[in-house]
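Student: Got a predicted structure here, sequence first:
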Amino acid sequence: MADHHRGECLGCRVRALHLMRIRHSYGPPVAASGSPLFPFTGGTLPVGATLTRASTGWYFDSAGVLQSAANDVARFTYDPATLALQGLLVEPARTNSIRNNTMVGASAPSTLPTNWIITQNAGLTTAVVGTGSASGLDYIDIRFSGTPSATLYRVALEASNGIAALSGQTWTESAYIAIANGGLTNITLVNFTMVERTAGGASVAFRGAADYKASLSSSFYRASFVQTLAGGGTVAFVSPEFSFGLTVGLAVDVTFRIALPPMEQGSGASSPIKTTSAAVARAADVLTLALADGTYNIDITRASGVTNVVGAVVSGGAYTVPTDLSPLQSVAAKRTA
């Protein structure tokens, strides 16, 4: 009888171990350290991870082409130049306040996209060569030629009263830029500028980005400019501009290709947001990881190779990943209590 009871006990243990293995097989992968590990380089969400987003979003596919993802679809993005997988996009909510960044209304030889305005032509001839799309990036080719009579050319990418803003806000202006024809001879710098304006349109502050002329080639380069507005209490609007420097009397001839410029309130450029006639918002990505309740150090490894360590107290069996550290390569959760 004693042997019979011992056999039943051993059988219980075997069944318990079997159930534990089944449960483990349906949980997140485990790192060598024994910590739950969530990898984001396989093109699909790992077990234990869920993502929601209440809007469409954009990402680059494995061929480097910009694609749209429907609501709640995870975006695994690639470097459009190297085609290397960068990981999962987990971004905050953003709005592109440039109402037309897909070149609607532009036509040769001289009609700029709707809402775009030349604010300082420096005596140059401006010609719209054409519009198109390359790898999903809507662009315009604009030729600037002649002998300048001033030292700066500026084209506003939105009307002077098109983007409401306040002093103290942080904004990011960006675009994909390439040299479609000609060259940069006698061009002293290429950058973005932001003009802070009053409700009546008067300029109260004019700020420019660092020169990115040396980064330009026939391939697209994504340039960006982050600026905290500091024009004071009369600031009511901000105007994003593309600009380049000149030397009076020295001739230039260059065709710039400008693609999908956004103007976003926030620090740093996010994934592209296409617009045609109005500002467009992208909802935040909400990435949730299934974790047992407790205190953790969360190791978040990004596409740059940098790992950020975030302390977290998990309750309710779920942890929400921050939206300012993507693209994500992996997340490891190390329990501390």
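Tutor: Sure, I can see it.
Student: Ile258 and Thr77, how far apart?
Tutor: With distances taken as C-beta to C-beta, to the nearest Å, Ile258 is found 22 Å from Thr77. Glycine gets a C-beta too; all of them are placed from N, C-alpha and C.
Student: go on, Val280?
Tutor: Here Val280 is placed at a distance of 19 Å from Thr77 (C-beta to C-beta).
Student: any chance you could map the strands in the stretch 1-150 of the chain?
Tutor: 37-39, 49-52, 57-60, 66-69, 76-78, 85-88, 94-96, 117-120, 125-134, 137-146 (DSSP state E, counting those that start in this stretch).
Student: Dump those into JSON lines; add distance to Gly201 as well.
Tutor: Formatted as JSON lines, the strands of the stretch 1-150 of the chain follow (distance: least, C-beta to C-beta, whole Å):
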{"stretch": "strand 37-39", "distance to Gly201": "50"}
{"stretch": "strand 49-52", "distance to Gly201": "41"}
{"stretch": "strand 57-60", "distance to Gly201": "32"}
{"stretch": "strand 66-69", "distance to Gly201": "34"}
{"stretch": "strand 76-78", "distance to Gly201": "38"}
{"stretch": "strand 85-88", "distance to Gly201": "41"}
{"stretch": "strand 94-96", "distance to Gly201": "22"}
{"stretch": "strand 117-120", "distance to Gly201": "11"}
{"stretch": "strand 125-134", "distance to Gly201": "22"}
{"stretch": "strand 137-146", "distance to Gly201": "24"}
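Student: Let me know which of those is the nearest to Thr234.
Tutor: strand 117-120 (19.5 Å; C-beta to C-beta).
Student: who does the closest one pair up with?
Tutor: Sheet pairing for strand 117-120, assigned by DSSP bridges, gives strand 152-156 (antiparallel).
Student: Check the model's average confidence along the partner strand for me.
Tutor: Across strand 152-156, pLDDT averages out at 98.
Student: Can you get me the centre-to-centre distance for it and its chain?
Tutor: 24 Å (C-alpha atoms, centre = their mean, to the nearest Å).
Student: Tell me which residues touch Thr44, please.
Tutor: Shown in contact with Thr44 (C-beta atoms under 8 Å, 6 or more residues apart in numbering): Ala74.
Student: what's the pLDDT at it?
Tutor: 95.
Student: Could you check how far it is from Thr307?
Tutor: For Thr44, the distance to Thr307 - C-beta to C-beta - is 22 Å.
Student: Likewise for Leu45?
Tutor: Applying C-beta to C-beta, the value for Leu45 to Thr307 is 20 Å.
Student: Mind checking which of those two has more residues around it?
Tutor: Under the criterion of other C-beta atoms under 10 Å, the comparison of Leu45 against Thr307 puts Leu45 first, with 17 against 14.
Student: Let me know whether the more buried one touches Thr52 as I believe.
Tutor: No. Contact criterion C-beta atoms under 8 Å: Leu45 and Thr52 do not qualify, at 11.3 Å.
Student: The closest residue to Gly132 other than its chain neighbours: what's it in contact with?
Tutor: Leaving aside its sequence neighbours, Gly132 sits nearest to Tyr139 (C-beta to C-beta, 6 or more residues apart in numbering; 6.0 Å). Contacts for Tyr139 (C-beta under 8 Å, 6+ apart) come out as Met103, Thr131, Gly132, Ser133, Tyr176, Arg257, Ile258, Ala259, Leu260.
Student: And Trp171, by the same measure?
Tutor: For Trp171, counting by C-beta under 8 Å, 6+ apart, the contacting residues are Ala165, Met194, Val226, Gln227, Thr228, Leu229, Val238, Pro240, Met263, Glu264, Gln265, Gly266.
Student: That concludes my questions; thank you for your assistance.
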